[in-house]
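Trainee: Generate coordinates for the sequence data below:
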Amino acid sequence: MRPFLFLLVLAVSCFGAEKWNVLFISVDDMNNDIGCYGGAVVKSPHIDKLAARGVRFDRAYCQFPLCSPSRTSLMTGMRPDTTKVYDLAKHFRSTQPEVVTLSQAFMGSGYFAARVGKIYHYGNPSQIGTDGLDDPPSWQRRVNPRGRDKEEEHLITNHTPKRGLGSSLSFLRAEGTDEEQTDGMVATETIKLMEENRDRPFFIAAGFYRPHCPYVAPKKYFDLYPMEKIAVPQGPFPEMKAVPAAAKASTQPWPWWGVSEEQLRESKQAYYAAISFVDAQVGRLMEALERLGLAERTLVVFWSDHGYHFGEHGLLKKQSNFEGSARVPLIIAGPGIKGAGKASPRVVELLDLYPTLVDLCGLKAPPHLEGRSLRLLLDEPSAPWEHAALTQVERGRKLMGYSLRTERHRYTDWGEAGAELYDYETDPHELKNLADDPVHGELREALAERLAGIRSSSPAASQGK
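Mentor: Sure, this is the predicted structure:
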């Protein structure tokens, strides 16, 4: 169906349906160390409060642990092998020029759609204040804040000086107020949009730039984390001797880019400070919803584009298929969610957000979507659910690692380079690769077949990858 025709059908089909607002909150590079996911150190009271009134998904996974491929997949509802976006440069319109994105689907149903900050990919922090790799057809309004953090980059401490700020271990205990920082401005501008559009249905996306490096936050957030409370995994990580070389290729030199334990601890303290800073901005958005009388008619979605390693397996940041990189925080709260206050143990994907939101808001789902609605799990978070998650990562444009996550196992296929198999019931920290153990041969074969089935169901399989 051609995009303009689909949008016309969408508008007709949604006439008279309940038009819940959507507040779509994205954070950049946030892992699951936050309080509502069991984190004992991170202070995230506002995100925790959101989780308490919504459904928290304990096994949610991205499709590609890198900003642009992950965000593209979520916003288009298609897997990376369909969009062909595997890096930070290609725009999905070059391969899918007529695709109807998530926010476009809402626009076609009469919603006001806007974004503040980073929803599609931005070079962070290099492109703060610009449109980055945005998609203009996806929005009626775009706002690109640029705060004090951008102006004071010369004050940042960088423990990895050979790396640019966007892929570094770097931080700044910032002077001034929250509102002066770019993410404080994201909250302020998002609140303005909600105020201006409170009397019509809206899809407003608030894209925060933290806790992505450089880890910049006002000093008071650093004070929440005394250094004696900051721990990092201890090497020498013998488990990595039994994995394909590709599995640890995201961190070179391995381990930890050669930084010291003290430097890693300082960086982790700053990362946690940045999480708490973002959490405070989420709190400002939630307070505004209440003040404006919008809370009872607004769905709130909180998500991160991927997870984040901070030393486990000797790895840093993202771009691995291990749990720390592939798993993400995901919370959905708002009207009509019967399972509010519960956690779902089922395996879900960021790919599922597009079909879920159009389902909840009574929109007609476009035919290209590769995910599935989570409505069943929002009603009953522990309902039977037989789906698995597929995450993939590329190594040098020559090798793609595909990883299948079920509730108990992860199977990662690196092609001729090897494989990994983990049993989280007996090995929650991924310390024993069972892929070459004959005892688990049948299990490996079954998981490999299941992974192949998901890949073959993608439109890319019939089109040729």
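Trainee: After the strand or helix carrying Y271, which helix or strand is next? Please name it.
Mentor: For Y271, the enclosing helix or strand under DSSP states H and E is helix 261-291. Next along the chain after helix 261-291, taking DSSP H and E as the criterion, comes strand 298-304.
Trainee: now that following strand: mean pLDDT?
Mentor: The pLDDT scores in strand 298-304 average 98.
Trainee: and the residue nearest in space to the middle of the chain, what does it touch?
Mentor: Against the mean C-alpha coordinate of the chain, by CA atoms, centre = their mean, the closest residue is D305 at 1.9 Å. Contacts for D305 (CB atoms under 8 Å, 6 or more residues apart in numbering) come out as 26-29, 62, 67, 70-71, 74, 328, 350. From N, CA and C alone the C-beta is placed, and that goes for glycine too.
Trainee: Now, the residues you listed that are in strands?
Mentor: The strands, defined by DSSP state E, take in 26-28, 328 from the contacts of D305.
Trainee: give me the beta-bridge partners of the closest residue in space to Q140 that isn't next to it in sequence?
Mentor: Distances taken as CB to CB, 6 or more residues apart in numbering place A113 nearest to Q140, at 5.5 Å, with adjacent residues excluded. Counting by DSSP bridges, A113 is bridged to F203.
Trainee: Near A113, how many other residues are there?
Mentor: 24 (other CB atoms under 10 Å).
Trainee: now swap in R146 and tell me
Mentor: Neighbours of R146 under the rule other CB under 10 Å: 13.
Trainee: what do you get for A231?
Mentor: When neighbours are counted by other CB under 10 Å, A231 registers 11.
Trainee: does it count as helix, strand or coil?
Mentor: Following DSSP: H, G, I helix; E, B strand; the rest coil, we place A231 in the coil state.
Trainee: Now do it, the pLDDT please.
Mentor: Predicted confidence (pLDDT) for A231: 97.
Trainee: same question, K398
Mentor: Looking at K398, its pLDDT reads 87.
Trainee: Now for it, how many residues are close by?
Mentor: The burial count assigned to K398 is 8, neighbours taken as other CB under 10 Å.
Trainee: now the one 5 residues further on
Mentor: S403 has 27 neighbouring residues, counting by other CB under 10 Å.
Trainee: Now do the strands in the stretch 351-465 of the chain.
Mentor: Taking DSSP state E, counting those that start in this stretch as the test, the strands found in the stretch 351-465 of the chain are 389-395, 399-405, 409-413, 419-423.
Trainee: Turn the ones you listed into JSON lines, columns for distance to H309.
Mentor: Compiled in JSON lines, those are given as follows (distance: least, CB to CB, whole Å):
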{"stretch": "strand 389-395", "distance to H309": "13"}
{"stretch": "strand 399-405", "distance to H309": "15"}
{"stretch": "strand 409-413", "distance to H309": "15"}
{"stretch": "strand 419-423", "distance to H309": "16"}
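Trainee: Closest one of the ones in strands among the contacts of D305 to P97?
Mentor: Of all these, S26 has the smallest distance to P97: 24.0 Å, by CB to CB.
Trainee: which intervals of the stretch 351-465 of the chain have sub-threshold pLDDT?
Mentor: Along the stretch 351-465 of the chain, the model assigns pLDDT under 70 to residues 461-465.
Trainee: Below-threshold pLDDT in the stretch 1-150 of the chain: ranges please.
Mentor: Scanning the stretch 1-150 of the chain for pLDDT under 70 picks out 1-18.
Trainee: Distance check, I454 against F64.
Mentor: From I454 over to F64 the distance is 14 Å, taken as CB to CB, to the nearest Å.
Trainee: Which of those two has more residues huddled nearby?
Mentor: A count of neighbours by other CB under 10 Å puts F64 above the other of I454 and F64, at 31 against 17.
Trainee: one step back: neighbour-wise, which one of the contacts of D305 leads?
Mentor: Tallying neighbours with other CB under 10 Å puts C62 at the head of the contacts of D305, with 30 neighbours.
Trainee: how close does that one sit to T83?
Mentor: For C62, the distance to T83 equals 14 Å [CB to CB].
Trainee: before we move on, what about K318?
Mentor: To T83, K318 is 18 Å away according to CB to CB.
Trainee: Check whether E239 really touches H313, as I assumed.
Mentor: Yes: between E239 and H313 there is a contact at 6.8 Å, judged by CB atoms under 8 Å.
Trainee: Please enumerate the shared neighbours of those two.
Mentor: Shared contacts of E239 and H313 (CB under 8 Å, 6+ apart): E430.
Trainee: higher neighbour count, those two?
Mentor: Ranked by neighbour count (other CB under 10 Å), E239 and H313 place H313 first, with 26 against 17.
Trainee: Report pLDDT for A326.
Mentor: In this prediction, A326 carries a pLDDT score of 98.
Trainee: State the distance from the closest residue in space to it that isn't next to it in sequence to F64.
Mentor: The shortest distance from A326 to any non-neighbouring residue, by CB to CB, 6+ apart, is to T391 (4.3 Å). Taking CB to CB as the measure, T391 falls 7 Å from F64.
Trainee: same thing with S276?
Mentor: 27 Å.
Trainee: likewise R79?
Mentor: Relative to F64, R79 is positioned 9 Å away (CB to CB).
Trainee: overlap in contacts of those two?
Mentor: S73.
Trainee: The residue nearest to A326 contacts P65, doesn't it?
Mentor: Yes: counting by CB under 8 Å, T391 sits close enough to P65 to count as a contact (6.6 Å).
Trainee: one step back: shared neighbours, C62 and T83?
Mentor: S73.
Trainee: where exactly do the helices run in the stretch 301-450 of the chain?
Mentor: Secondary structure of the stretch 301-450 of the chain (DSSP state H, counting those that start in this stretch): helices at 323-326, 353-360, 375-379, 441-457.
Trainee: Take the ones you listed and lay them out in JSON lines including distance to A417.
Mentor: Supplementary listing: the helices of the stretch 301-450 of the chain in JSON lines, determined by distance: least, CB to CB, whole Å:
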{"stretch": "helix 323-326", "distance to A417": "18"}
{"stretch": "helix 353-360", "distance to A417": "32"}
{"stretch": "helix 375-379", "distance to A417": "35"}
{"stretch": "helix 441-457", "distance to A417": "15"}
